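> Please find the sequence and the predicted model below.
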Protein chains: 2
Amino acid sequence: MNQKIRIGINGYGNLGRGVEYALKQNKDMELAAIFTRRDPKSLQTLDSSAKVVHISEVEQYKDKIDVMILCGGSATDLPEQGPEFAKLFNTIDSYDTHAKIPEYYEKMDDAAKSGNHISIISVGWDPGMFSMNRLLGEAILPEGETYTFWGKGLSQGHSDAVRRVRGVKAGVQYTIPIEEAVNRVRSGENPELSTREKHLRECYVVAEEGADKQKIEQDIKTMPNYFADYETTVHFISEEELKKNHSKMVHGGFVIRSGITGENTNQIVEYSLKLDSNPEFTSSILVTYARAAYKMSQEGQAGAKTVFDVPIGHLSPKTPEQLRKELL
Amino acid sequence: MNQKIRIGINGYGNLGRGVEYALKQNKDMELAAIFTRRDPKSLQTLDSSAKVVHISEVEQYKDKIDVMILCGGSATDLPEQGPEFAKLFNTIDSYDTHAKIPEYYEKMDDAAKSGNHISIISVGWDPGMFSMNRLLGEAILPEGETYTFWGKGLSQGHSDAVRRVRGVKAGVQYTIPIEEAVNRVRSGENPELSTREKHLRECYVVAEEGADKQKIEQDIKTMPNYFADYETTVHFISEEELKKNHSKMVHGGFVIRSGITGENTNQIVEYSLKLDSNPEFTSSILVTYARAAYKMSQEGQAGAKTVFDVPIGHLSPKTPEQLRKELL
């Protein structure tokens, strides 16, 4: 029997925990170690027997880990850790600052090549699965329009913005696709739509005792960049209700390509996600691509890759023969 | 400026014509020649200046065509022509006899390798895009169920069966997903469903003058394999109505993966198609994969491939840098 693919997790927040969960579902992989900047003893892992190591000792694991999954954030963790780790390991990350991907790619490519490793960057659902569907859509239907809608989903950045408003004790914000816009796109109408014409914003807010709710609502609705340009609704709820009904990190969305072939024949392709846990789904994708990174490295490839460079057969534990027989 | 990719079309039915349409939308490719078993002069091509050549002369085009798109049928054309052409050209085909794909793959692999060509087989939407989504679904969400629904779509095989019934002058059959089944799947319920529990069959029939309509309806509804196990409805219409409302080859369907992550968290992924022309959409996919075959051949690869083996970046006319910047 083949040896299992040995996976390392770097960073143990929602994503790292999601990776630990996902590894349990994939029998051809095993968790080798979790690396953290915190005191390893302080970490509450799902499996209490999981090996937890301080990040300062990571170099000692160079030959004990086949693929390291980087679970840090895109703002500060990945730009710093990514290239360091790519010298030591095959890596997977979910770098999602769209505008800076080309720059990040170059750095990761240099580092991965110098270490003779594979680093698949920007893996997840957007960037990731959504990107693949945007590419497929415009390649197959060159004459057409691509629409990306997000939600219904909890937006971390907008929830943070709500919580910064004076008088707000706690709160969350959902991004919601506007149904009328979705229906126009699905009908093949190919409308021109800005992000704000496609989405509305719904806030659930717990006010501090004695706070002026009208003022809170107005402060949220007029906040530039975040809410002022959108149709925004604000609901005041109790702390219990917030915990009970709004603690799941739901998300989703869809990519629609609406194009024409022949003599104005309408063709519509849609890829959609309905996720009860955004981080757990992203983690499951990261683990799947770890398998591909391992295979590509075994083939002798090196350098930074994206979801566009990976033959999707590499994502499956099945052999090419099985895939042709069972799934084609 | 780079030379355009020179495409050959073999076989000029609905698919071949769709390829001719699709090539007009792809500026990096050009139609080199159309090959036919018929008298070349008898072919009505879209572009009257298109070069039409009798299939017996195809060997003379060995160095004049970069990728040959095989537009024949899976029953008899492709098993015979596929391996012959793969020795001479890079090829793309839409071989769709699912059960015989492994056998066809082996033959195409031998032929393509002997000619040092790339042959991408079973390209289209099912097999093809649907297969990719089945693979992605089970790779990302190993604990779950995959559902493929077809329709609403015109089924060629079932329409033929209807037309063979005594007293039927003309007719078509639509395969239609059962909405209740779709909704159960979309809700994350993961029901067990056979093909017949997922689809119903709707027939539009023109009866011959004086024919016994009741008998026709009964003959259709009780036809083994095709209709007996399904909920089937039969509508009698006029010949004019058939021509007016039922001459488009609409099709579509969806692949849904419903799985769980973490502690029973529901995650649902859906890929869906709504096609006003089934053959034109398939042809557009064939053309897209011709570009990938060309690139893979330029890289020095050879042998039979499927959609599982092709990095999707190869499908786009854009450079890897552009793709990372614009689509990731």
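Done, it's in.
> and the stretch 51-200 of chain A, which of its residues are near chain B?
For the stretch 51-200 of chain A, the residues in contact with chain B (Cβ under 8 Å from any Cβ of the partner chain) are A:98, A:101-102, A:105, A:122, A:127, A:129, A:131-132, A:134-136, A:138-143, A:186. No exception for glycine: its C-beta is placed from N, CA and C like everyone else's.
> Now do the buried residues in the worst-scoring helix or strand of chain A on mean pLDDT.
Comparing every helix and strand of chain A by mean pLDDT, DSSP states H and E singles out helix A:195-198 as the least confident one, with a mean of 88. Buried positions in helix A:195-198, judged by neighbour count with 16 or more other Cβ atoms under 10 Å in any protein chain shown: A:197-198.
> so what does that helix touch, helix or strand wise?
helix A:179-186 (3 or more Cβ pairs under 8 Å, 6 or more residues apart in numbering or on different chains; DSSP states H and E).
> what about A:S284, neighbour count?
28 (other Cβ atoms under 10 Å in any protein chain shown).
> likewise A:D39?
Number of residues near A:D39 (other Cβ under 10 Å) recorded here: 9.
> With adjacent residues omitted, what lies nearest to it?
Of all residues not flanking A:D39 in the chain, A:H54 sits nearest, at 7.7 Å (Cβ to Cβ, 6 or more residues apart in numbering or on different chains).
> That neighbour: what's it in contact with?
By Cβ atoms under 8 Å, 6 or more residues apart in numbering or on different chains, A:H54 lies in contact with A:35-37, A:39-40.
> next one: A:E59
A:E59 touches A:L88, counting by Cβ under 8 Å, 6+ apart.
> at 10 Å instead, please
Residues in contact with A:E59, defined by Cβ atoms under 10 Å, 6 or more residues apart in numbering or on different chains, are A:84, A:87-88.
> same check, this time on A:G151
For A:G151, the contact set (Cβ under 10 Å, 6+ apart) comprises A:174-178, A:198-202, A:250-254.
> go again using 6 Å as the cut-off
A:175-177, A:253 (Cβ atoms under 6 Å, 6 or more residues apart in numbering or on different chains).
> just A:Y289 next, same as before
Contacts of A:Y289 were listed using Cβ under 6 Å, 6+ apart, and they are A:92, A:120, A:123.
> Rebuild those as TSV, extending it with secondary structure.
As requested, those are exported to TSV (DSSP: H, G, I helix; E, B strand; the rest coil):
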residue	secondary structure
A:I92	strand
A:I120	strand
A:V123	coil
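> where does A:E103 land in three-state SS?
Secondary structure, three-state DSSP: A:E103 is helix.
> now the strands: where do they sit in chain A?
For chain A, the strands defined by DSSP state E cover A:5-10, A:29-36, A:52-54, A:67-70, A:90-93, A:118-120, A:144-150, A:153-154, A:168-177, A:199-207, A:232-236, A:251-261, A:265-275, A:303-305.
> what about the stretch 1-150 of chain A, any weak spots by pLDDT?
A:1-2 (pLDDT under 70).
> Quick check: the residue nearest in space to the middle of chain A vs A:S94, distance?
Centroid check for chain A by Cα atoms, centre = their mean gives A:G124 as the closest residue, at 3.9 Å. Between A:G124 and A:S94 the distance is 4 Å, computed by Cβ to Cβ, to the nearest Å.
> list the residues that contact both of the two?
A:T282.
> Adding neighbour count, write the contacts of A:Y289 out as JSON lines.
What follows is the contacts of A:Y289, written out as JSON lines (neighbours: other Cβ atoms under 10 Å in any protein chain shown):
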{"residue": "A:I92", "neighbour count": "30"}
{"residue": "A:I120", "neighbour count": "24"}
{"residue": "A:V123", "neighbour count": "29"}
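> Let me know the closest of those to B:I65.
A:I120 (35.2 Å; Cβ to Cβ).
> Show me what the closest one bridges to in the sheet.
Applying DSSP bridges to A:I120 gives these bridge partners: A:I92, A:K305.
> Please apply the same query to A:I268.
According to DSSP bridges, beta-bridge pairing links A:I268 with A:S258, B:K274.
> quick revisit: how about the least confident helix or strand of chain A as PDB, C-alpha atoms only?
Output of helix A:195-198 as PDB, limited to C-alpha atoms (Å, rounded to 0.1, in the frame of the first residue of the first chain):
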ATOM      1  CA  THR A 195     -21.600  45.400  -8.100                       C
ATOM      2  CA  ARG A 196     -24.100  47.600  -6.300                       C
ATOM      3  CA  GLU A 197     -26.900  46.900  -8.700                       C
ATOM      4  CA  LYS A 198     -26.400  43.200  -8.100                       C
END
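> residues making contact with that helix?
Here helix A:195-198 has contacts from A:149, A:178, A:181, A:229-230, using Cβ under 6 Å, 6+ apart.
> Most neighbours among the contacts of A:G151, which one is it?
Neighbour max across the contacts of A:G151 (other Cβ under 10 Å) = A:T175, 23 neighbours.
> give me every residue that touches that residue.
A:T175 neighbours (Cβ under 6 Å, 6+ apart): A:150-151, A:153, A:155, A:199.
> Nearest to chain B among those residues?
Checking the contacts of A:T175 against chain B by Cβ to the nearest Cβ gives A:G153 as the nearest, at 12.9 Å.
> Would you confirm that the closest one contacts A:H251?
Yes. Using Cβ atoms under 6 Å, A:G153 is in contact with A:H251, at 3.2 Å.
> Among these two, which residue is more densely surrounded?
The residue with more neighbours, out of A:G153 and A:H251, is A:H251; 25 against 21, by other Cβ under 10 Å.
> how much space between A:Q267 and A:L193?
Distance of A:Q267 to A:L193, given as Cβ to Cβ: 19 Å.
> Look at the two and report which has more neighbours.
A:Q267 (26 against 17).
> With chain B as the reference, measure out to the more buried one.
The gap separating A:Q267 from chain B is 5 Å, by Cβ to the nearest Cβ, to the nearest Å.
> quick revisit: chain center to the least confident helix or strand of chain A: distance?
Here helix A:195-198 is found 21 Å from its chain centre; the criterion is Cα atoms, centre = their mean, to the nearest Å.
> swap in stretch A:82-91?
Taking Cα atoms, centre = their mean, one finds the center of stretch A:82-91 at 20 Å from the center of the full chain.
> go on, stretch A:135-145?
With Cα atoms, centre = their mean, you get 23 Å for stretch A:135-145.
> Stretch A:256-276 too?
From the chain centre to the centre of stretch A:256-276 is a distance of 23 Å (Cα atoms, centre = their mean).
> ditto for stretch A:12-19
Chain-centre distance of stretch A:12-19: 12 Å, with Cα atoms, centre = their mean.
> wait, does that stretch contact chain B?
No. Using Cβ under 6 Å from any Cβ of the partner chain, stretch A:12-19 stays clear of chain B, with a minimum separation of 6.9 Å.
> longest single helix anywhere in chain A?
helix A:278-298 (DSSP state H).
> buried sites along that one?
For helix A:278-298, by 16+ other Cβ under 10 Å, it's A:278-297.
> Pull up the gap between the closest residue to A:E106 other than its chain neighbours and A:K107, please.
Spatial nearest neighbour of A:E106, chain neighbours left out: A:A304 (7.9 Å); criterion: Cβ to Cβ, 6+ apart. Between A:A304 and A:K107 the computed distance is 8 Å (Cβ to Cβ).
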